[in-house]
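> please find the sequence and the predicted model below.
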Amino acid sequence: MSDVATKEAPIESKGGYTTEYDVPMDTTYRCDRCGAQAYFKATHKLHSTPLLFCNHHGNAHRINLELQGFFIEDQSDRLRKNTKPDSSAAA
Ligand SMILES: [Zn+2]
């Protein structure tokens, strides 16, 4: 009887919302503040729509968001892998 329930249980262990870390945010994910490509996704168990932030705004807001109970998915390491360190996106 409980076979079906156990398959869906892991989501609850994350606090009731899914994390999609295995799904890379591509160029269609844009920062809610400035429209740049997003590398941070802030999810909250009370909000169905995640907030998206670029590397700059993600770093700027992550502390406040975490204090508000958001889970911050940081994919900014992809920024360092995909771009040359000497590009104009530095800092
Ligand atoms: Zn931004």
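Cool, got the structure.
> who in the protein is up against the ion?
With Cβ under 5 Å from the ion as the criterion, the chain meets the ion at residues 31, 33-34, 36, 54, 57. Backbone N, C-alpha and C define where each C-beta goes, glycine included.
> swap in 8 Å and give it another go.
31-36, 38, 53-58 (Cβ under 8 Å from the ion).
> can you flag the buried ones in those?
Buried members of the residues of the chain next to the ion, scored by 16 or more other Cβ atoms under 10 Å, are 31, 33, 38, 53-58.
> so of those, which ones are in helices?
55-58 (DSSP state H).
> other SSEs contacting whichever strand or helix holds Arg62?
Using DSSP states H and E, Arg62 sits in helix 55-67. Applying 3 or more Cβ pairs under 8 Å, 6 or more residues apart in numbering; DSSP states H and E, we find helix 55-67 packed against strand 40-44, strand 47-53, strand 71-74.
> tell me which of those strands sits most buried.
strand 40-44 (a mean of 21; mean count of other Cβ atoms under 10 Å).
> what's the burial count for the closest residue to Tyr39 other than its chain neighbours?
Take Tyr39 and drop its neighbours on the chain: the residue closest to it by Cβ to Cβ, 6 or more residues apart in numbering is Ser76, 4.3 Å away. Other residues near Ser76 number 16, with proximity taken as other Cβ atoms under 10 Å.
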